[in-house]
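Undergrad: would you be able to build a 3D model of this:
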Amino acid sequence: MQSEPAFIQGVYPFTGAGLENPQPLSAEATTFVTPSDRFVQPTYVRAGNSSDAMVYLVLRRDEQPIRYFPIAAQGNAHVALAVVEELPPDTKLDVLIAAPEGVTGYVVVDVGLVLTNHEY
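TA: Take a look at the predicted model:
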């Protein structure tokens, strides 16, 4: 099996729309589509929050939430995923943020992925 790293990364401004209303950070930059000849495994998430309120990130697979990552006010988080699923080709992964209504700030996002092709 051959593997290579891939990432969803960046620093993004946000304005909260409510904790029950996650919003995309940036459609182009925070979306990853697995190549049609590869599988993907999310392996870790690191994130930082510049605002004075708790926020959370949502990692979604094909528009469905699969993981939630709370980040404290002016805090950070590093989560090595203990349960790692292998997701099939053409899977769409994206990252959304939820914050209290009107809260503004920046979030730093680093999602580590491993692509595999199952060749022996």
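Undergrad: before we move on, what SS does residue 82 have?
TA: Here residue 82 is recorded as coil under DSSP: H, G, I helix; E, B strand; the rest coil.
Undergrad: look up how far residue 44 lies from it.
TA: 10 Å (C-beta to C-beta, to the nearest Å). For the C-beta atoms, the positions are set from N, CA and C on the backbone; glycine is no exception.
Undergrad: repeat that for residue 30.
TA: In terms of C-beta to C-beta, residue 30 sits 16 Å off from residue 44.
Undergrad: output the contacting helices and strands for the helix or strand harbouring residue 60.
TA: Residue 60 belongs to strand 55-61 when assigned by DSSP states H and E. Counting contacts by 3 or more C-beta pairs under 8 Å, 6 or more residues apart in numbering; DSSP states H and E, strand 55-61 packs against strand 39-49, strand 64-71, strand 92-98, strand 104-116.
Undergrad: parallel or antiparallel, list what pairs with that strand.
TA: Sheet pairing here is set by DSSP bridges, and for strand 55-61 it gives strand 64-71 (antiparallel), strand 92-98 (antiparallel).
Undergrad: quick one, the first one and strand 104-116 angle?
TA: Using axes from the mean of the first three to the mean of the last three C-alpha atoms, to 10 degrees, the inter-axis angle of strand 64-71 relative to strand 104-116 is 130 degrees.
Undergrad: out of the strands paired with strand 55-61, which is the most enclosed?
TA: strand 92-98 (a mean of 20; mean count of other C-beta atoms under 10 Å).
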